[in-house]
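Participant: just the structure for this:
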Amino acid sequence: MKRVLITGASSGIGHQLALDYAADGWQVTACGRDAQRLATLTARHPGIDLCLFDMTDLADTQAALEGRTAELVILCAGSCEYLDNGVVEAAKVQRVMQTNFIGPVNCLEVLLPQMAAGSRVALVGSTAGLVPLPRAEAYGASKAALAYFARSLAQDLQWRQIGISLVLPGFVDTPLTRRNDFAMPMMITVSRASKYIRRGLARGRAEIAFPRLFAFILQVTSRLPQRLQRRLTQRMTRSS
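Facilitator: Numbers count the residues shown, from 1 in each chain. Reported below is the predicted structural model:
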């Protein structure tokens, strides 16, 4: 039986991925910090293995993940806090960076030595890391850092034949995005996001960006002069 380990399985995309992989016959290890929400997974699929830990704490991550092996690892946990009116709050930035960037790095330190040739790691970033968005200094920077890390790590792991996939979702209907007070164009469901990710990983794709039109628009926007980028992104994310 194929094994997959998923962080961020308490809610959102990670939760849906855990359910879908279990339905497809995989042995799923679902990781998160919220025991109550994780337990809803075993209520639907009793075979799912739950792993409770805080990935921003390296010691806790080591204790939870040492000895765990999987052919596929999906590092999906994420958080978002906005900076308002250009006021920089270091504590907010630190919290977002710890969850979105340092957390996956902690997991990789423990998991990579335990992974065999032919395995794959998916790092879930965001299309928000492609262009600067209003108020998203912390979130966008954390996802841009994760994207660079993934692309660089992919080169260094070639000799071990471990694949790295960078996942770049657009707006997905999750508890995190439901807190947003601005327009979120081309939003998709978690079920559709899970389908994009699982299909891309099955094909061994290095980058999985979706929905395709939204990702294409941001990729083109990222090549424009900064003045035009700001105009387009401010219009795109205007308050709803």
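
Participant: helices along this protein, start to end?
Facilitator: Along the chain, the segments classed as helices by DSSP state H run 12-23, 35-44, 58-65, 90-97, 103-111, 137-156, 190-202, 212-221, 226-236.

Participant: please identify the buried residues of the third one?
Facilitator: Neighbour-count burial for helix 58-65, with 16 or more other Cβ atoms under 10 Å as criterion, is recorded at Leu58, Thr61, Ala64, Leu65. (Each C-beta comes from the backbone N, C-alpha and C, glycine too.)

Participant: with stretch 211-229 instead?
Facilitator: Pro211, Phe214, Ala215, Ile217, Leu218, Gln229.

Participant: related to what we said a few turns ago, and the helices of the chain as JSON lines, adding distance to Leu123 and mean pLDDT?
Facilitator: As requested, the helices of the chain are exported to JSON lines (distance: least, Cβ to Cβ, whole Å; pLDDT from 0 to 100):
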{"stretch": "helix 12-23", "distance to Leu123": "13", "mean pLDDT": "97"}
{"stretch": "helix 35-44", "distance to Leu123": "21", "mean pLDDT": "93"}
{"stretch": "helix 58-65", "distance to Leu123": "15", "mean pLDDT": "98"}
{"stretch": "helix 90-97", "distance to Leu123": "15", "mean pLDDT": "98"}
{"stretch": "helix 103-111", "distance to Leu123": "6", "mean pLDDT": "98"}
{"stretch": "helix 137-156", "distance to Leu123": "4", "mean pLDDT": "97"}
{"stretch": "helix 190-202", "distance to Leu123": "11", "mean pLDDT": "98"}
{"stretch": "helix 212-221", "distance to Leu123": "16", "mean pLDDT": "92"}
{"stretch": "helix 226-236", "distance to Leu123": "23", "mean pLDDT": "81"}
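
Participant: any chance of those helices in CSV with distance to Gly78 as columns?
Facilitator: CSV is the format used below for the helices of the chain (distance: least, Cβ to Cβ, whole Å):
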stretch, distance to Gly78
helix 12-23, 8
helix 35-44, 15
helix 58-65, 16
helix 90-97, 9
helix 103-111, 9
helix 137-156, 8
helix 190-202, 13
helix 212-221, 17
helix 226-236, 20
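
Participant: Gly118: which of the ones you listed is closest?
Facilitator: Minimum separation from Gly118 across these (Cβ to Cβ) falls at helix 190-202, 13.1 Å.

Participant: residues in contact with the closest one?
Facilitator: With contact meaning Cβ atoms under 8 Å, 6 or more residues apart in numbering, helix 190-202 is reached by 12-13, 15-17, 20-21, 24, 72, 74, 120, 122, 124, 165, 167, 169, 172-174, 208, 210-211.

Participant: any quick PyMOL command for the buried ones out of these?
Facilitator: Buried subset of those, written as a PyMOL selection, criterion 16+ other Cβ under 10 Å:
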select buried, resi 12+13+15+16+17+20+21+72+74+120+122+124+165+167+169+172+173+174+208+210+211
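
Participant: not counting sequence-adjacent ones, nearest residue to Gly170?
Facilitator: Phe214 (4.1 Å; Cβ to Cβ, 6 or more residues apart in numbering).

Participant: let me see the contact set for the one you found.
Facilitator: Phe214 neighbours (Cβ under 8 Å, 6+ apart): Thr127, Gly170, Phe171, Pro185, Met186.

Participant: is the spatially most central residue of the chain in a bridge, and if so with what?
Facilitator: Closest residue to the average C-alpha location of the chain: Val124 at 2.5 Å, with Cα atoms, centre = their mean. Val124 has the following beta-bridge partners by DSSP bridges: Val167.

Participant: show the pLDDT at it.
Facilitator: pLDDT, Val124: 98.

Participant: tell me how far it lies from Leu224.
Facilitator: Val124 sits at a distance of 26 Å from Leu224 (criterion: Cβ to Cβ, to the nearest Å).
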